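# coordinates only, no sequence provided:
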């Protein structure tokens, strides 16, 4: 019973982490489209954010997996 509960919490944390980072990227992209008049420039301005958020997501997943073991 306890193992099932901790597994459910772990999955909830993973889902929250991934969904939160995806939501942040979507909001940043919307802000970039509002800031830049050219959509190509707006997309290009978001490349670094995408790389940073992928790195943060990987780091967060690594922390969660390290805590689970």
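Thanks, I have it. Treat the numbers as computed from the prediction; the structure is a model and nothing was measured.
# which ones are touching the most centrally placed residue in the chain?
Among the residues of the chain, residue 21 comes closest to the average C-alpha position under C-alpha atoms, centre = their mean, at 2.1 Å. Shown in contact with residue 21 (C-beta atoms under 8 Å, 6 or more residues apart in numbering): 53, 56-57, 60. Backbone N, C-alpha and C define where each C-beta goes, glycine included.
# let's see 10 Å
Contact analysis of residue 21 by C-beta atoms under 10 Å, 6 or more residues apart in numbering lists 52-54, 56-57, 60.
# dump the residues you listed into TSV; add neighbour count as well.
Listed next are the contacts of residue 21 as TSV, based on neighbours: other C-beta atoms under 10 Å:
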residue	neighbour count
52	12
53	17
54	12
56	14
57	17
60	17
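# can I get those residues in JSON lines including distance to residue 4, secondary structure and pLDDT?
Listed next are those as JSON lines, based on distance: C-beta to C-beta, whole Å; DSSP: H, G, I helix; E, B strand; the rest coil; pLDDT from 0 to 100:
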{"residue": "52", "distance to residue 4": "35", "secondary structure": "helix", "pLDDT": "91"}
{"residue": "53", "distance to residue 4": "31", "secondary structure": "helix", "pLDDT": "89"}
{"residue": "54", "distance to residue 4": "31", "secondary structure": "helix", "pLDDT": "91"}
{"residue": "56", "distance to residue 4": "29", "secondary structure": "helix", "pLDDT": "92"}
{"residue": "57", "distance to residue 4": "26", "secondary structure": "helix", "pLDDT": "91"}
{"residue": "60", "distance to residue 4": "23", "secondary structure": "helix", "pLDDT": "90"}
